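**Q** My questions are about this predicted structure, shown below with the sequence.
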Amino acid sequence: MNWKEILKAHCGTEKMGCGCATCREKTNKALSPKQKKLDKNKNGKLDAEDFKILRKKNIEEEILEEVEDEGGALGIKNLKDIADKDELKETLSSMENRNEIFEHEDGDFYTHEPKRKKKDD
């Protein structure tokens, strides 16, 4: 018996949240301890926002790992396989705002504050 058949058997519909007491009970249960770890926005349910946060954390970890593998500095081209361009830019910007990563004036990314070139007057 698949999940659709189970739902049909208890209330005659394939949709959770149909309003019957059984559906309300199933959808209002508290999260298990493992699910609570995934509830990153602490709203008591697992939703798209939680998975977006988890994905962003994963991208950040991959970026830091890649920078470390390259000796503490690398260019954006080294990161192109981690995520799509927009997501990568958003994540890098967020990491810069938190001072987890720094962008050099030449465009490379560092895990430490890069030294700026001296301008000759």
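**A** Sure, I can see it. As the structure is a computational prediction, the values presented were derived from the model and not from experiment. Numbering: from 1, shown residues only.
**Q** hmm, who's touching the lengthiest helix in the chain?
**A** In the chain, with assignment by DSSP state H, the single longest helix is helix 48-69. Outside helix 48-69, the residues within contact range by CB atoms under 8 Å, 6 or more residues apart in numbering are 38-41, 43, 73-74, 78-79, 82-83, 87-88, 91-92, 94-95, 100-101, 109-111. No exception for glycine: its C-beta is placed from N, CA and C like everyone else's.
**Q** Counting neighbours, which of those end up buried?
**A** Judged by neighbour count, with 16 or more other CB atoms under 10 Å as the criterion, the buried members of those are 39-40, 73-74, 78-79, 82-83, 88, 91-92, 95, 101, 109, 111.
**Q** before we move on, the earlier item: pull out the buried positions in the longest helix of the chain.
**A** In terms of neighbour count (16+ other CB under 10 Å), helix 48-69 has its buried residues at Asp50, Lys56, Ile59, Glu60, Ile63, Val67.
**Q** contacting residues around whichever helix or strand comes after that helix?
**A** In the C-terminal direction, the helix or strand that comes right after helix 48-69 (DSSP states H and E) is strand 73-74. Residues from elsewhere that reach strand 73-74 (CB under 8 Å, 6+ apart): Glu66, Val67, His104, Asp108, Phe109, Tyr110, Thr111, Pro114.
**Q** how about 10 Å then?
**A** Contacts with strand 73-74, where a contact means CB atoms under 10 Å, 6 or more residues apart in numbering, come from 63, 66-68, 102, 104, 106, 108-112, 114.
**Q** cool, stretch 83-91 as well?
**A** For stretch 83-91, the surrounding residues in contact (CB under 10 Å, 6+ apart) are 52, 55-60, 62-63, 76, 79-82, 92, 101.
**Q** for those residues, which one is nearest Cys20?
**A** Lys52 (31.2 Å; CB to CB).
**Q** what stretches of the chain score poorly on pLDDT?
**A** Flagging of the chain using pLDDT under 70 yields the residue ranges 1, 3-4, 6-19, 21-29, 114-121.
**Q** Which parts of the chain are strands?
**A** Remark: strands assigned in the chain by DSSP state E are 73-74, 102-103, 109-110.
**Q** What are the contacting residues of the last one?
**A** The set of residues external to strand 109-110 that reach it, using CB under 10 Å, 6+ apart, is 63-64, 66-67, 70, 72-76, 78-79, 92, 95-96, 101-104.
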